[in-house]
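1. Compute the structure for the input listed below.
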Amino acid sequence: MSPETVPSDLTGQLLIAMPGMGDPRFHGSVVFLCAHSEDGAMGLIVNKAITELTFAEILEQLDIPARSAPMLPICFGGPVETGRGFVLHSAEYAPRTRDAAEDGTLRVDTRFSMTATLDILRYLADGTGPEQALLTLGYAGWGPGQLEREIRDNGWLTCAASPTLVFGHRMQGKWEAALASLGVDPLMLSPVAGHA
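-> The predicted structure follows:
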């Protein structure tokens, strides 16, 4: 892939790890890109479930009463700041303050937002949070030009994100579903990169 074929802004897109991905932390990953610019990129892995911890246990650890808490999926979001939580959610959820930055909400596009404050956990716990959400612990980050190099080196495919793909599929089927959205059969992918 030549430099000019890597879009300069992949915000709101999905990255799909190729079988030859060199970093085992990203093997089989689907990453939702919350931000992408010439300064770098930030994303959340949305298909690596953390099964040792439940949303109810997180609320209990944070002393947040769980009145109507949903069964919120928890994912390993990436290797950076793994002790910090990020909620990727549907964009109909509006911050309670006038200033979204004050509420810690990044509006990615018209369908997705990401919030990294305790307030959203309180709203989810009492049933007044977003309609669709998942919680990640940690995030994935790339420095300037790093993600573009990884894409050119066949580490990632990109595809459009949809709420159905991000929130609706079982964790174990998201990688295959993301590939299928591109018309790619996982059995046809080679772990060895090639260049024409």
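
2. Test my guess that Leu33 contacts Asp9.
-> No. Judged on Cβ atoms under 8 Å, Leu33 makes no contact with Asp9 at a distance of 9.2 Å. (Each C-beta comes from the backbone N, C-alpha and C, glycine too.)

3. quick one: which of these two has more around it?
-> The neighbour comparison of Leu33 against Asp9 (other Cβ atoms under 10 Å) goes to Leu33, with 23 against 12.

4. And the closest residue to that one other than its chain neighbours, how close does it get to Ala91?
-> Residue nearest to Leu33 in three dimensions, not counting chain neighbours: Gly43, with 4.4 Å by Cβ to Cβ, 6 or more residues apart in numbering. Per Cβ to Cβ, to the nearest Å, Gly43 is found 17 Å from Ala91.

5. and what of Tyr123?
-> 15 Å.

6. Could you do Gly129 as well?
-> In terms of Cβ to Cβ, Gly129 sits 13 Å off from Ala91.

7. and the two? which has more neighbours close in?
-> Gly129 (23 against 18).

8. Check for me that the more buried one belongs to a helix.
-> No. Counting by DSSP: H, G, I helix; E, B strand; the rest coil, one finds Gly129 to be coil, located in no helix.

9. any idea which helix or strand comes after the helix-or-strand element of the chain with minimal mean pLDDT?
-> Averaged element by element with mean pLDDT, DSSP states H and E, the chain has its least confident helix or strand at helix 100-103 (a mean of 53). Later in the chain than helix 100-103, the nearest helix or strand by DSSP states H and E is strand 105-107.

10. Buried by neighbour count: which residues of that following strand qualify?
-> Within strand 105-107, the residues scored as buried using 16 or more other Cβ atoms under 10 Å are 105-106.

11. So for stretch 69-84, what gets flagged as buried?
-> 69-70, 72-78.

12. Stretch 128-138 too?
-> Quick answer for stretch 128-138 (16+ other Cβ under 10 Å): 129-130, 132-138.

13. Same check on stretch 29-36?
-> 29-36.

14. Pick out whichever of the residues you listed sits closest to Thr105.
-> For those, the minimum distance to Thr105 (Cβ to Cβ) is 11.0 Å, reached by Cys34.

15. Which strand or helix spans the most centrally placed residue in the chain?
-> Centroid-nearest residue in the chain, with Cα atoms, centre = their mean: Leu44, separated by 2.9 Å. Assigned by DSSP H and E, Leu44 belongs to strand 40-45.

16. mean confidence for stretch 171-184?
-> Mean per-residue pLDDT for stretch 171-184: 91.

17. Helices along the chain, start to end?
-> 55-61, 100-103, 118-125, 146-152, 163, 174-181 (DSSP state H).

18. Touching the fifth one from outside, list them.
-> The one in question is helix 163. 90, 111-112, 132 (Cβ atoms under 8 Å, 6 or more residues apart in numbering).

19. Mind doing that once more with 7 Å?
-> Residues outside helix 163 that contact it (Cβ atoms under 7 Å, 6 or more residues apart in numbering): 90, 111, 132.
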